[in-house]
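In: Got a predicted structure plus its sequence, pasted below:
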Amino acid sequence: MIGYVVLGTNDLPRAAAFYDALLGEVGLTRQMDFGARGYAWGANMDAVMLCIMTPFDGKPASVGNGTMTAIGVDSRDEVDRIHAKALDLGAKDEGAPGLRAEGGDGFYAAYFRDLDGHKLDVFTYS
């Protein structure tokens, strides 16, 4: 089972502000502070977390082609709200909210790229 996902950033203060505002929309808060290296957000220390970190090797962070992180929420309204919030925060639209045939019956999702270019999906089955 997944314990956490790490996304690289080249601008930690900008990424932290983006994720504080975005993940705050679904009640997630910073659970861990790694100083100049990054942060982890989640519901609590026992939940799956999303981390934003500067690369350990000191080289620039880059986006993985074909890599996507999905954030599950409870309703279509939340999908709509989170997608809109991401775009308001400067994210790039990768797919407006709507039903997706590839996810099966009732899979409602929206896609965006964060400020570093990472692809994220916010979804619900309802």
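Out: Happy to help now that I have it.
In: does the residue lying farthest from the centre of the chain sit in a helix, a strand or a coil?
Out: What lies farthest from the middle of the chain is Asp105; by C-alpha atoms, centre = their mean that is 23.5 Å. At Asp105 the chain is in coil, as set by DSSP: H, G, I helix; E, B strand; the rest coil.
In: start at 41 instead
Out: Understood, numbering begins at 41; the last thing we discussed is Asp145.
In: Pull up the gap between it and Gly67, please.
Out: Distance, Asp145 to Gly67, by C-beta to C-beta, to the nearest Å: 27 Å. Yep, even glycine has a C-beta here, placed from its N, CA and C like the rest.
In: ditto for Ser115
Out: Ser115 sits 13 Å away from Gly67, taking C-beta to C-beta as the criterion.
In: In terms of neighbours, single out the busier of these two.
Out: For Ser115 and Gly67, the more surrounded residue by other C-beta atoms under 10 Å is Ser115, and the numbers stand at 11 against 7.
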